[in-house]
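**Student:** Only the shape, not the letters, is given here:
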């Protein structure tokens with residue numbers, strides 16, 4: 001018995017059931033296998049070759065099967081769990097989120113979407129709480145004939161968590177709605193923290209969570225006003241910055257001029273002192289010659 005599903009499947013049930021004892025179970029790297037016996041999850045197997053004890057003996061099993069109507073008295077199953085990180089799984093809000101712009105107090109409706117990486121952290125918990133007796137589970141719907149997908153299961157959780165925390169994350173981080181593309185990494189981290197507990201409850205974890213797009217209401221008159229106000233504010237900041245630059249430049253030029261004047265004054269003072277000392281030496285020399 002070995003894994004025969006694809007790499008995008010999280011849990012896959014092997015079609016072989018009620019197999020004989022000493023059956024060989026092969027578990028590949030980055031996989032785990034859970035052995036069920038009579039409806040109970042007994043053992044969790046890691047990578048390697050394992051011998052299963054099922055109490056189904058080939059010769060004796062035929063006699064027991066006849067006594068039980070050709071049904072094995074020892075029902076056994078194996079589920080394989082894919083432990084690799086499933087990458088670039090898409091998510092998105094199912095409706096718009098009401099957001100009050102802190103600068104103008106104008107209400108806006110925004111949406112968000114992106115991608116996430118997902119990994120199984122607790123195989124037994126995911127199998128028992130979410131998969132049950134199904135053939136398995138994957139991210140997308142209608143995969144391998146599964147009756148349920150993780151997309152369908154976690155779509156309400158993701159949408160609710162993002163819609164609940166998107167606006168508050170923007171406000172707490174003081175992210176300008178028109179400059180949001182520069183802060184997507186910060187926003188992604190804030191939303192990921194809110195999502196992780198909901199996934200961990202079912203044995204899953206989120207290694208990375210990405211907000212790739214925040215949908216802005218480009219045609220909303222209120223949004224156009226905010227954009228105009230943002231432009232005016234930007235122009236005002238530019239004017240203030242230019243004024244500060246001119247002021248700093250003037251102050252620097254004044255300091256340079258004052259320094260040059262100070263240097264010139266010190267030079268003149270030095271020359272005057274030198275001339276005075278030279279005159280004193282000449283005077284002393286003349287007095288000495290006169291006395292001689």
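**Tutor:** Alright, I've got the coordinates. Since this is a predicted model, take the numbers as computed values, not measurements.

**Student:** which stretches of the stretch 1-150 of the chain form helices?
**Tutor:** Ranges of helices in the stretch 1-150 of the chain, per DSSP state H, counting those that start in this stretch, are 58-67, 123-126, 150-172.

**Student:** Report the spatially nearest residue to residue 195, omitting neighbours in sequence.
**Tutor:** If you skip the residues right next to it in sequence, residue 195 has residue 161 as its closest partner in space, 5.1 Å away by Cβ to Cβ, 6 or more residues apart in numbering. To be clear about C-beta, it is placed using only N, CA and C from the backbone, and glycine gets the same treatment.

**Student:** if we can go back for a sec, indicate which one of the helices of the stretch 1-150 of the chain is closest to residue 114.
**Tutor:** Put simply, out of the helices of the stretch 1-150 of the chain the one that sits nearest residue 114 is helix 150-172, at 9.1 Å, with distance taken as Cβ to Cβ.

**Student:** Residue 103 contacts residue 229, correct?
**Tutor:** Yes - when contacts are counted by Cβ atoms under 8 Å, residue 103 is listed as touching residue 229 (7.1 Å).

**Student:** distance of the residue nearest the centre of the chain from residue 154?
**Tutor:** The central residue of the chain, meaning the one whose C-alpha is nearest the mean C-alpha position (Cα atoms, centre = their mean), is residue 209 at 3.4 Å. When distance is defined by Cβ to Cβ, to the nearest Å, residue 209 is 12 Å away from residue 154.

**Student:** What of residue 27?
**Tutor:** Taken as Cβ to Cβ, the span from residue 27 to residue 154 is 26 Å.

**Student:** cool, residue 106 as well?
**Tutor:** In this structure, residue 106 and residue 154 are separated by 33 Å, where distance is defined by Cβ to Cβ.

**Student:** Please apply the same query to residue 44.
**Tutor:** With distances defined as Cβ to Cβ, the gap from residue 44 to residue 154 amounts to 24 Å.

**Student:** ok, those two, which is more surrounded?
**Tutor:** Neighbours per residue, other Cβ atoms under 10 Å: of residue 44 and residue 154, the larger number sits with residue 154, 22 against 14.

**Student:** Now the more buried one: closest residue in space that isn't a chain neighbour?
**Tutor:** If you skip the residues right next to it in sequence, residue 154 has residue 199 as its closest partner in space, 7.1 Å away by Cβ to Cβ, 6+ apart.

**Student:** My guess is that neighbour contacts residue 158. True?
**Tutor:** No - because the distance of 9.1 Å does not satisfy Cβ under 8 Å, residue 199 is recorded as not touching residue 158.

**Student:** Identify the single longest strand in this structure, thanks.
**Tutor:** As far as residue count goes, and with DSSP state E defining each element, the longest strand of the chain is strand 107-120.

**Student:** Do you have the strands of this protein handy? List them.
**Tutor:** Under the criterion DSSP E, the chain contains strands at 9-13, 23-27, 31-37, 40-45, 48-52, 76-82, 86-92, 97-100, 107-120, 136-138, 204-215.

**Student:** Figure out which of those strands is closest to residue 172.
**Tutor:** strand 97-100 (12.9 Å).

**Student:** Would you mind measuring from the nearest residue to residue 83 once chain neighbours are set aside to residue 160?
**Tutor:** Once its chain neighbours are removed from consideration, residue 83 has its nearest residue in residue 30; the separation is 4.9 Å (Cβ to Cβ, 6+ apart). Distance of residue 30 to residue 160, given as Cβ to Cβ: 31 Å.
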